[in-house]
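**Q** fold the following and give me the result.
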Amino acid sequence: MIPKCRIERGNLYRINWSACGKMGKIYRNFVIKKLNPKNISSFTHLNITQFLGALNDNIYKLLIVYFLISREGTSESSTILAMTGAVFVIPFLLFSAVSGTLADRYSKSTIIVGTKILEVVTMSLGLLGFILDWKIGSYLILFLMATQSALFSPSKYGIIPEIVPNEKISRANGVMSFFTYLAIILGTFIATFLTSITDRNFVLSAMLCVLVALIGLGTSFFIEYTQPSGSSKRVTVRFISEIKNTLKRVWYEAPAAGVLLTAIFSSAYFLFIGAFMQLNLIPYAVDVLKMNELQGGYLFLMTALGIGVGSFLSGKISGKTVELGLIPLAGFGLAFGFFALEFLDSYPRWIYLLSAVVGAAGGLYLVPLDSYIQVNSPPTLRGQVVAATNFFSFVGVLVASFAIYFINEVLGFPPDQGFVIVGWVTFVLAIVLAYQFFDFLTRFIGMILSKLHFKTTTFGEENIPDTPAIYVCTHTDWNDTLLLLGAQKRRMRFFVEEIQSHTPLLEKLYRSLRVIHIPAIEPLENNRECLLKIKEALRRGFSVCIFVSHEDVEATIERLKHSYSFQEILDELENPMIPVFIEKEPKEPTKISPLTKLLHKLHWPATLYFGRRPNGA
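**A** Model prediction:
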């Protein structure tokens, strides 16, 4: 049995280190007490560690490109870029499965420290390679650097749920993605800047890489020691078979396997469009916008900045949950952004802003997917699932290179038409994701409409559980559904005793929310069809709201609790029943100005009580 080390996540001083063995005692007595007296959070140290690693990757990779171009000549630049790209991608394909197995079998924090030691060794060898003016060695060291990154990645993402509370995982992923793309921007700039000011003194530039690696190693020691997840799976080099087995286990072991598999492949698609954007932007800038190569490089920097900002915003919007409803909307945003790159190519100055907007849509798209993969992967499979995502992501990078060649060379289309083609592919994917994540999407849109339509005051938020619940509420108007969707973060199924007459638009809204009518001729507790739908909704992770036509909500709850058929559901699934009371400010008289009427509709005061309503309220 694995000993329980942690009493409280993220608080190193409240850990039962004596249960963590020798390694835990070393962390407690030396690393934590002596070197980290201010008790900076483990996630902060993880973020600094991964930021420095991403920074080093981008600096060193570009230094190698500049070194080889200066050695072989600018005429070989295309071949050099293709070779360095391939050498960097191959380790992620070969070692993703291995790194995932290691992350599940051993402590992720220990693997992080080990990979940072490997980074210091690699950067030191890179410095030696520049000193010896070693061409083949440069490719070998780049391969080793990419291997280190491939081994680091599953532990980097897999450790987040172990050191960050569940309600902060989306925000943590948003912050981490922001700093990752900031590292890409800074790494690209620093490598170019160092090459210029040192007059191509790559030895001096590589010394900075060694220093950055040493700092990253230092910060990795402050990441909270985490226990192995309990997997006994052995490491094997048959990576294709391992990836296939991981997907099979996800299908049979994950609670919502279909959604998780969709998230894995959708996350991989992001790296495809990212690689396509990077490869296609410079030809687009030169051939279509009539810019030079340097200006084309700035377009990619704007895209990377947009991804970082979008990732940060995605974390803020998601708040305490994983907001999958963002994904289809961001997918449509990406598609229309690609279309606009072709439509607005007569206005080059606007393309800089558009590149950032496309990047922001990408960030909004990526963070919920990565957060969902981390949260919903079975604990003993988490590292392997992240590794499988990495594998398919870098397959996407290779596919992007092939797509560029096929579109430009075989089909003979210009770069702007390449964006249109990828835009249509993304548009189709967004439709598929809207279907797959339909309930998440409708909940998210309902929440937005609720925020716009109501100025809500909520009491009893402590009574809203993290698990699915059964809410019983008096139904007075169609927008009660919006209030319930906006007040809590779960997908919801609505059961209504009395459906009022509505406009065709509102009837479509009810259908999209899948509101289920409870026939008046038969009480809910005797309606087997409705009870089965309630049971299935709760089992699938939905909350259920039962709208009743009278105001005595608590009497309805008591009646249902004393019903044998309903009590069976409560006993089997253990979901709480919570009364909900809604109070809205009376509507204004009809004879008011149109503007006042509109403003009242946009911010209509309403109060919700979860649990027993206070006396006098």
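
**Q** with adjacent residues omitted, what lies nearest to the residue nearest to the spatial centre of the chain?
**A** The centroid of the chain falls nearest to V367 when counting by C-alpha atoms, centre = their mean (2.2 Å). Distances taken as C-beta to C-beta, 6 or more residues apart in numbering put S314 closest to V367, at 3.9 Å, once the chain neighbours are dropped. (Glycine included, C-beta is placed from N, CA and C.)

**Q** for H453, grab the count of nearby residues.
**A** 17 (other C-beta atoms under 10 Å).

**Q** same question for the one 4 residues further on.
**A** Other residues within reach of T457, judged by other C-beta under 10 Å, total 11.

**Q** got it, and E462?
**A** Residue crowding around E462 was assessed by other C-beta under 10 Å; the count is 8.

**Q** contacting residues for it?
**A** If a contact means C-beta atoms under 8 Å, 6 or more residues apart in numbering, then E462 has no contacts.

**Q** same check, this time on A360
**A** With C-beta under 8 Å, 6+ apart, A360 has these contacts: G306, I307, V309, G310, L313.

**Q** quick one: which of the residues you listed is most hemmed in?
**A** Scoring the contacts of A360 on neighbours with other C-beta under 10 Å, the highest-scoring entry is I307 at 31 neighbours.

**Q** secondary structure element holding that one?
**A** I307 is part of helix 293-318 when elements are defined by DSSP states H and E.

**Q** how far out from the middle of the chain is that helix?
**A** 15 Å (C-alpha atoms, centre = their mean, to the nearest Å).

**Q** returning to that earlier point: any idea how far the residue nearest to V367 lies from G73?
**A** S314 sits 44 Å away from G73, taking C-beta to C-beta, to the nearest Å as the criterion.

**Q** who's more crowded, those two?
**A** Neighbour tally, S314 and G73, criterion other C-beta under 10 Å: the higher count belongs to S314, 30 against 10.

**Q** look up the pLDDT of the more buried one for me, please.
**A** As predicted, S314 sits at a pLDDT of 85.

**Q** thought it was touching V175?
**A** No - the pair S314 / V175 is not scored as a contact, 10.4 Å apart, by C-beta atoms under 8 Å.

**Q** mind listing the strands for the protein?
**A** 454-459, 470-474, 492-496, 516-517, 543-548, 577-584, 604-610 (DSSP state E).

**Q** make a markdown table out of the ones you listed and add distance to E342 and mean pLDDT.
**A** As requested, the strands of the chain are exported to a markdown table (distance: least, C-beta to C-beta, whole Å; pLDDT from 0 to 100):
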| stretch | distance to E342 | mean pLDDT |
| --- | --- | --- |
| strand 454-459 | 40 | 82 |
| strand 470-474 | 48 | 86 |
| strand 492-496 | 40 | 83 |
| strand 516-517 | 45 | 72 |
| strand 543-548 | 44 | 85 |
| strand 577-584 | 48 | 84 |
| strand 604-610 | 42 | 83 |
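
**Q** could I get the ones you listed as a markdown table with distance to E162?
**A** Converted to a markdown table, those look like this (distance: least, C-beta to C-beta, whole Å):
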| stretch | distance to E162 |
| --- | --- |
| strand 454-459 | 31 |
| strand 470-474 | 32 |
| strand 492-496 | 30 |
| strand 516-517 | 39 |
| strand 543-548 | 27 |
| strand 577-584 | 31 |
| strand 604-610 | 31 |
